[in-house]
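Chemist: Here's my sequence, what's the structure:
(4 chains)
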There are 2 protein chains.
Amino acid sequence: MKEHLSSVWTRERRAAKSPTLGRAQIVRAAMELLDAEGLDALSMRRLGARLGSGTTSIYWHVANKDELLELVLDEVYGEFTVLSVQETTWRNAATSFAYGIRQALFRHPWVIGFIGTTPAIGPNAMRMMSGLVATFDHAGFRGLDQDYAASTLMAYVFGVTAPELSWRSMLDRTGLTSNELNASIQPTLEKAAADHPELAARYAEFRRMDVDTARALNFEFGLTCFLDGLEARLNRAASPLASRGRAEPDTPAAGDEAGNAPGRRRG
Amino acid sequence: MKEHLSSVWTRERRAAKSPTLGRAQIVRAAMELLDAEGLDALSMRRLGARLGSGTTSIYWHVANKDELLELVLDEVYGEFTVLSVQETTWRNAATSFAYGIRQALFRHPWVIGFIGTTPAIGPNAMRMMSGLVATFDHAGFRGLDQDYAASTLMAYVFGVTAPELSWRSMLDRTGLTSNELNASIQPTLEKAAADHPELAARYAEFRRMDVDTARALNFEFGLTCFLDGLEARLNRAASPLASRGRAEPDTPAAGDEAGNAPGRRRG
DNA sequence: GATTTCACTCGCACACTGTACGATAGCCTC
DNA sequence: GAGGCTATCGTACAGTGTGCGAGTGAAATC
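Modeler: Have a look, this model is predicted:
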């Protein structure tokens, strides 16, 4: 069968004899450029210039730009640390993992577009996955539920953090503080919400509060919801006799055309 | 104070007298191109060709490519429908909203990179937000919690769906079925997981199952967790005397440097 | 020691991108 | 007819990723 996943990690790297330029330096330089100036700033020409080498020399060590990004991405995965299961409770491990990712994303805002899109099969990504699955195994999840829990946790963190990153990049571009930018945006927002008075009122209220703590609370809120839900599922599994206490059926038939809406049921 | 949010929606559009080319057609053509061939296929030259007009004619109706994408994005937001609060329970509304987004994202895979990154203040985005907030208001959430609930829900859906979209794009490129691609990827995966035997074993197991239903179950799993968590929070608020029944403190101090990890506490 | 081989560097060129600019053309009002 | 406005579009510029082939130096082979 043909191999359909092409990745830096699938092809063996070129034998190194005495390179004046190496993958390590290339990846480090790329990371610095990306962190400092963002995704658009990384061009092969600029990278070559920064390395003091010819532009196309890079292509000896790396097949193309995508592969380079795979390498840098795995470097970031290396910063997603999972506490060992002996060290703390699963809930603390998950929480700390989530906050850790959040911080790492703040350090490397440009990755957000690649996570989940670029294959994550580098050594660091693997180590992370292994630790995360172990955490949920320790918690009491079995089989696929371990993966589901891990994937849901990461999905949530990436999903909430993405808008925060774009907010921060706006801060950088304008040089304003969060609250200044917030204030400067309000009129636009209120005008946009002209047709929805409740929204407009709500936005007017926002002007008065500290955006950064509101965002932090937002993160906390969703994370707690999700962890509570996980915990409830564990407890339910432990004592299967306890009924759910909800009226409506909770699961759309999982086998039908993947992703169909469950349809509207009257409550 | 200077205006810091620049968007198509903030500047009034050019007065239309008798254009042979209009925003509506441009946006529609762009959407078709994007849906059919993906983000990379949308260049101003190709768009002009498709419209049978000069490339730079487009710039009369739209300031630049980013603004064009804002317009197309809002069109997609128009497909994120929220059931009215009279129509069903909040839980059903949220579920149906989540599945609806998922389906819309499958129709327009390219948007995933823009959501949360490009300002969503178009009329459709506003209508959606208004409906979503109303749903959570109806559920019993108050103040910022309404926004937190809405934002968490969207964050989760975008987060889980992103990898699915990249999977589907891979299917399109290779022309394989999900299960064929899955099988063809396994050796690579197992090799990548060589250092983590539990992971390798797990991947080997995956070979035997239907990937699409596994993914659908994954979506369901996280959504249920999150909604259960929301519901628990509502019940807790309704009867504040009932304690949580968990040992460890649940909230890192929210006021400190936004996003700090809660630190490791022994369990 | 001479020759060949191979790891590695790099200049050039190609096809492509977004878009600024200025030249047109048709219409409306004076 | 003159001038101004809406609208279209050709050309040009600076930038992109990268294929190709020529060049360099050191190690391996004869």
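
Chemist: how about the nearest residue to residue A:31, chain neighbours excluded?
Modeler: Counting by CB to CB, 6 or more residues apart in numbering or on different chains, residue A:31 lies nearest to residue A:72, which is 5.3 Å off, once chain neighbours are set aside. Placement of C-beta: from N, CA and C, glycine included.

Chemist: so that neighbour touches residue A:33, yeah?
Modeler: No: assessed by CB atoms under 8 Å, residue A:72 is found out of contact with residue A:33, at 9.7 Å.

Chemist: So which of these two has more stuff around it?
Modeler: Per other CB atoms under 10 Å in any protein chain shown, whichever of residue A:72 and residue A:33 has more neighbours is residue A:72, with 24 against 19.

Chemist: Now do the contacts for that one.
Modeler: Contact partners of residue A:72, counting by CB atoms under 8 Å, 6 or more residues apart in numbering or on different chains, are A:27, A:30, A:31, A:34.

Chemist: ditto for residue A:79
Modeler: A:100, A:104, A:107, A:108.

Chemist: From DNA strand D, how far off is it?
Modeler: Applying CB to the nearest atom of the strand, to the nearest Å, the value for residue A:79 to DNA strand D is 24 Å.

Chemist: What does the pLDDT read for that residue?
Modeler: Residue A:79 is assigned a pLDDT of 98 by the prediction.

Chemist: Sticking with it, tell me its helix or strand.
Modeler: Under the criterion of DSSP states H and E, residue A:79 resides outside all helices and strands.

Chemist: Just give me the neighbour total for residue A:230.
Modeler: 28.

Chemist: Rebuild the contacts of residue A:72 as CSV, extending it with secondary structure.
Modeler: Output for the contacts of residue A:72, formatted as CSV (DSSP: H, G, I helix; E, B strand; the rest coil):
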residue, secondary structure
A:27, helix
A:30, helix
A:31, helix
A:34, helix
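
Chemist: Quick one: which of those residues is the most crowded by neighbours?
Modeler: Busiest of the contacts of residue A:72 [other CB under 10 Å] is residue A:30, holding 24 neighbours.

Chemist: which phi and psi does the closest residue to it other than its chain neighbours have?
Modeler: Spatial nearest neighbour of residue A:30, excluding adjacent residues (CB to CB, 6+ apart): residue A:72 at 5.2 Å. Dihedral pair for residue A:72: phi -70, psi -40, per degrees, to the nearest 10.

Chemist: Over to residue A:105?
Modeler: For residue A:105, the backbone dihedrals (degrees, to the nearest 10) come out as phi -70, psi -30.

Chemist: do the one 10 residues further on as well
Modeler: The phi and psi values for residue A:115, taken as degrees, to the nearest 10, are phi -60, psi 130.

Chemist: Let me know how buried it is, in neighbour terms.
Modeler: When counting by other CB under 10 Å, one arrives at 23 neighbours for residue A:115.

Chemist: Spatially nearest residue to it (excluding sequence neighbours)?
Modeler: With sequence-adjacent residues excluded and distances taken as CB to CB, 6+ apart, residue A:115 is closest to residue A:158, at 5.8 Å.

Chemist: Secondary structure element holding the residue in the stretch 151-267 of chain A positioned nearest to DNA strand C?
Modeler: The stretch 151-267 of chain A approaches DNA strand C most closely through residue A:173 (15.5 Å), counting by CB to the nearest atom of the strand. Using DSSP H and E, residue A:173 maps to helix A:144-174.

Chemist: after that helix comes which helix or strand?
Modeler: Next element after helix A:144-174 (DSSP H and E): helix A:178-192.

Chemist: Please spell out which residues along that following helix are buried.
Modeler: A:178, A:181, A:182, A:183, A:184, A:185, A:186, A:188, A:189, A:190, A:192 (16 or more other CB atoms under 10 Å in any protein chain shown).

Chemist: these two touch, right, the second one and residue A:170?
Modeler: Yes: between residue A:181 and residue A:170 a contact is recorded at 6.4 Å, counting by CB under 8 Å.

Chemist: what's the overlap in contacts for those two?
Modeler: Common contacts of residue A:181 and residue A:170, defined by CB under 8 Å, 6+ apart, comprise residue B:4.

Chemist: dump the residue contacts of residue A:109.
Modeler: With CB under 8 Å, 6+ apart, residue A:109 has these contacts: A:38, A:165, A:168, A:169.

Chemist: Secondary structure element holding residue A:229?
Modeler: helix A:211-238.

Chemist: Give me the mean pLDDT for that helix.
Modeler: In this model, helix A:211-238 has an average pLDDT of 95.

Chemist: Counting by contacts, list what that helix packs against.
Modeler: helix A:90-107, helix A:144-174, helix A:178-192, helix B:144-174, helix B:211-238 (3 or more CB pairs under 8 Å, 6 or more residues apart in numbering or on different chains; DSSP states H and E).

Chemist: Distance to residue A:239 for these - can I get that in TSV?
Modeler: Output for these, formatted as TSV (distance: least, CB to CB, whole Å):
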stretch	distance to residue A:239
helix A:90-107	18
helix A:144-174	17
helix A:178-192	46
helix B:144-174	27
helix B:211-238	16
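
Chemist: can you tell me which of those comes nearest to residue A:126?
Modeler: Checking those against residue A:126 by CB to CB gives helix A:144-174 as the closest, at 12.9 Å.
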